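3D, please:
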Amino acid sequence: MNFSPLIVSAIVLYLSGAIRIIDAHRTGNQKFKVCCARQKDADKACKRKFCDFNAIRQDNMLFYLSTCSIKGATVRRMWDCASSRIDHTECCKNNNVQSECLVFCNATNAVPEDYYNHLHCLQSFGGIRNCFQSYLNEHPNIFGDN
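This is a model prediction of the structure:
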């Protein structure tokens, strides 16, 4: 069998370890951002400012909700991207999320829209967000992006 010099060189480089095949999976935060970018009916300014696990924190949730909840389906779409629409209840329990706030952990349904009736859940928000991000670190987003 005759191989071209280019193929022989590539094989030698690969076997010597000079060429590495990189498994380029995105982080959970990157998958969140990619998902938000695909949500065409969500407000662009809200996506740009808040589609980032580092940008959604308990100290700015009220600002986020007051800014973005009036923008149509924006909060719902971003919630779907962050939560992956799965049940994170066990993770939330492990993160000491208050029992009355576990409704936000089970994301198989739409985000509860009575946000202001759950203001006491702001103190549990970090635990909820961490569950969402941990899940996305290991799984594709709702569009299948890895």
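
Tell me who's in contact with the residue nearest the centre of the chain.
With distances taken as Cα atoms, centre = their mean, Phe32 lies nearest the centre of the chain, 3.4 Å away. Contact analysis of Phe32 by Cβ atoms under 8 Å, 6 or more residues apart in numbering lists 51-53, 81-82, 133, 136, 141. C-beta coordinates here come from the backbone N, C-alpha and C atoms, glycine included.

Pro112 now?
For Pro112, the residues meeting the contact criterion (Cβ under 8 Å, 6+ apart) are 103-104, 118.

so which of the residues you listed would you say is closest to Ala37?
Proximity to Ala37 was ranked across those by Cβ to Cβ; first place goes to Phe104, at 23.6 Å.

The closest one: neighbouring residues, count only.
25 (other Cβ atoms under 10 Å).

Gly144 versus that one, what's the distance?
Here the distance between Phe104 and Gly144 works out to 24 Å (Cβ to Cβ, to the nearest Å).

Now for the contacts of Phe32: which two are most distant?
Using Cβ to Cβ, the two most remote members of the contacts of Phe32 are Asp52 and Asn141, lying 13.8 Å apart.

which of those two has more neighbours?
Comparing Asp52 with Asn141 by other Cβ under 10 Å, the one with more neighbours is Asn141, at 23 against 15.

any idea which helix is longest in the protein?
Selection of the longest helix in the chain by residue count, based on DSSP state H, yields helix 125-138.

Show the average pLDDT along it.
Helix 125-138 comes out with an average pLDDT of 98.

Pull the distance from it to the chain's centre.
8 Å (Cα atoms, centre = their mean, to the nearest Å).

Ramachandran angles for the residue nearest to Gly72 when sequence neighbours are not counted?
Excluding the flanking residues, the one nearest Gly72 by Cβ to Cβ, 6 or more residues apart in numbering is Asp41, at 6.4 Å. Summarising the backbone geometry of Asp41 under the convention degrees, to the nearest 10, its torsions are phi -90, psi 10.

Burial check on Asp41, number of neighbours?
Asp41 has 10 neighbours, counted by other Cβ under 10 Å.
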